[in-house]
Each structure stands twice: as structure tokens, then as C-alpha cells.
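can't give you the sequence, but here's the structure:
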């Protein structure tokens, strides 16, 4: 799995880059076919306060997953994005498993469906 971290509007520290790799590297355990994770951190000024956006683009076969989160500090934005991506990946994996199960010709038929025929 490739991992790319970018920043816009500021220079990223090595410790922040390491934190992002550490927290987002575990997403591979939820969906094994991830090819690349792109992390973009953007600092914006809204009114009198600074807001950090963390944008994840997770490349995998089929459709890519896109996650965006907002927080006041970098670490919170990364953690929120990781949690949201984890939920998305688990949902996709469940949908694929269900589709595969329905497509299998030799699956078990429940007693209720068998009696209805």
C-alpha cells in the first residue's frame, strides 16, 4: 500500500507526517485491497479562527473512497477522517461479501423460503 501525505498552506512537521501514517496505516486491516491512500491537510481561516480540513482519497479497485473531516487541530482532523474511512471501508466490505454470497449458486436455502415454494 502506498501512502502520500500533502499539505497546503503550511509546512508539515515530520512528527505530524508520522502521526498520519501511523493512524491511517491501520485502514489496510479493514479492507485488504487498498492500493494507495492520499492525505491532504488544508489550513483555512474562517472568520477569526483557523480550521483544519483533512481530505482522504483511498484508491482501490472499483470506486475510490473519499473522506473529508474538519477540526480545529491537525490530530483531531486526522483521527476523525480515519474513523469515517474505517466505517466506509467496513460497509463496502460487508456489501461485497453479501453480493458474493448471493451470487454463489450452491448456497443454503432457509427453511422458510424452502417451504414457500
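Received it, and whenever you're ready, just let me know what you need. In this text, all values refer to a predicted model and were calculated from it rather than measured experimentally.

next secondary structure after the helix or strand where residue 24 lies?
Assigned by DSSP states H and E, residue 24 falls within helix 14-24. Note on helix 14-24: by DSSP H and E, the next helix or strand toward the C-terminus is strand 36-46.

give the buried residues for the helix or strand following that next one.
Using DSSP H and E, the helix or strand that follows strand 36-46 in sequence is strand 49-59. Buried residues in strand 49-59, defined by neighbour count with 16 or more other Cβ atoms under 10 Å: 52, 53, 54, 55, 56, 58, 59. Bear in mind the C-beta positions are built from the backbone N, C-alpha and C, glycine included.

stretch 33-44 now?
Buried-residue list, stretch 33-44, by 16+ other Cβ under 10 Å: 34, 37, 38, 39, 41, 42.

just stretch 73-91 next, same as before
74, 77, 78, 79, 80, 81, 82, 84, 85, 86, 88, 89.

distance between stretch 2-9 and the chain's centre?
Chain-centre distance of stretch 2-9: 15 Å, with Cα atoms, centre = their mean, to the nearest Å.

buried ones in it?
Buried residues in stretch 2-9, defined by neighbour count with 16+ other Cβ under 10 Å: 5, 7.

among the buried residues of stretch 73-91, which are in helices?
Judged by DSSP state H, helices contain the following of these: 74, 77, 78, 79, 80, 81, 82, 84, 85, 86, 88, 89.

including pLDDT, could the residues you listed go into JSON lines?
Shown next, in JSON lines, are those (pLDDT from 0 to 100):
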{"residue": "74", "pLDDT": "91"}
{"residue": "77", "pLDDT": "94"}
{"residue": "78", "pLDDT": "94"}
{"residue": "79", "pLDDT": "94"}
{"residue": "80", "pLDDT": "95"}
{"residue": "81", "pLDDT": "94"}
{"residue": "82", "pLDDT": "94"}
{"residue": "84", "pLDDT": "94"}
{"residue": "85", "pLDDT": "94"}
{"residue": "86", "pLDDT": "94"}
{"residue": "88", "pLDDT": "92"}
{"residue": "89", "pLDDT": "91"}
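
distance of residue 40 relative to residue 49?
20 Å (Cβ to Cβ, to the nearest Å).

low-confidence ranges, this structure, go.
104-117 (pLDDT under 70).

that'll do, ta.
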